[in-house]
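>>> Let's see this in three dimensions:
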Amino acid sequence: MTCPVYGVTGLPCSGKSYAAALLADGRVDGVRGVLVKADDVGHDVLTRPDVVLALRQRFGDDAFRDTDAAAVRRAIAERVFSDRDELAWLERLVHPLVTAEADAVIARNTPERPVVMEAALLFEAGMDDRSDVILLVEASFETRLRRAERRGWDRTELERRERRQIPLFEAALQGRNRGKIIRVRNDADDDGLAGRIRDALARYHNGVGESP
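Down below sits the predicted model:
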């Protein structure tokens with residue numbers, strides 16, 4: 001018997017991190033689980049010697065002028081987000097390592113504890129195949145923009161960050177794993193998200209269908 005695996009994703013500022021934390025902390029169903037945050041794993045992966053070597057060979061030493069890991073990530077991000085080919089190369093390098101770490105967490109976990117995988121690029125990284133249920137957290141653009149502004153992002157930055165994800169989600173909702181996807185609205189900045197997730201999961205397990 002294997003542990004249940006939840007995938008959690010959504011557009012920027014939809015509240016996917018909060019939803020994943022609710023699931024992992026047991027605030028949805030009373031069962032505490034293990035949280036795997038793809039961003040955090042990705043940051044760790046970028047410090048691996050073999051990955052650093054590959055990055056230096058690809059982007060040169062200029063990207064590593066600052067020894068701070070966050071500064072290195074920013075330098076690489078500036079290069080790849082304006083160049084599709086470079087972004088695709090980076091993802092081919094990093095995604096398999098991130099999913100391998102998720103696989104390792106799932107393999108060593110106990111059957112009683114769920115694994116919650118939070119990833120913006122859940123579908124592209126192949127984490128949807130590893131998920132028993134996929135929680136797609138949704139909120140209107142206006143709601144997400146208000147939240148983005150609290151992070152210091154303007155409309156242009158939010159649109160830049162979500163531009164690539166929207167087609168991926170649209171494709172996923174028609175793809176082979178669409179039957180695993182539960183859509184949950186998170187427009188209200190309140191404490192009701194755990195209850196909405198709980199209700200959506202109940203409807204899913206009862207075969208009623210996705211959350212409106």
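>>> count of neighbours near residue 148?
Using other C-beta atoms under 10 Å, residue 148 has 20 neighbouring residues. For every residue, glycine as well, the C-beta is placed using N, CA and C.
>>> Tell me the gap between the strand or helix carrying it and the middle of its chain.
Applying DSSP states H and E as the criterion places residue 148 in helix 141-150. How far helix 141-150 lies from its chain's middle: 18 Å, per C-alpha atoms, centre = their mean, to the nearest Å.
>>> Run through the chain and note the low-pLDDT ranges.
Applying pLDDT under 70 to the chain flags residues 1, 208-212.
>>> Strands of that one, start to end?
Remark: strands assigned in the chain by DSSP state E are 5-10, 34-37, 115-118, 133-138, 181-185.
>>> Quick one: these as JSON lines, columns for distance to residue 72 and mean neighbour count too.
Listed next are the strands of the chain as JSON lines, based on distance: least, C-beta to C-beta, whole Å; neighbours: other C-beta atoms under 10 Å:
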{"stretch": "strand 5-10", "distance to residue 72": "26", "mean neighbour count": "28"}
{"stretch": "strand 34-37", "distance to residue 72": "19", "mean neighbour count": "20"}
{"stretch": "strand 115-118", "distance to residue 72": "23", "mean neighbour count": "26"}
{"stretch": "strand 133-138", "distance to residue 72": "30", "mean neighbour count": "23"}
{"stretch": "strand 181-185", "distance to residue 72": "35", "mean neighbour count": "20"}
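>>> For residue 45, which of those strands is the nearest?
strand 34-37 (12.3 Å; C-beta to C-beta).
>>> From the centroid of the protein, which residue is nearest?
residue 119 (1.2 Å; C-alpha atoms, centre = their mean).
>>> Relative to residue 178, how far out is that residue?
Computed as C-beta to C-beta, to the nearest Å, the residue 119 to residue 178 distance reads 17 Å.
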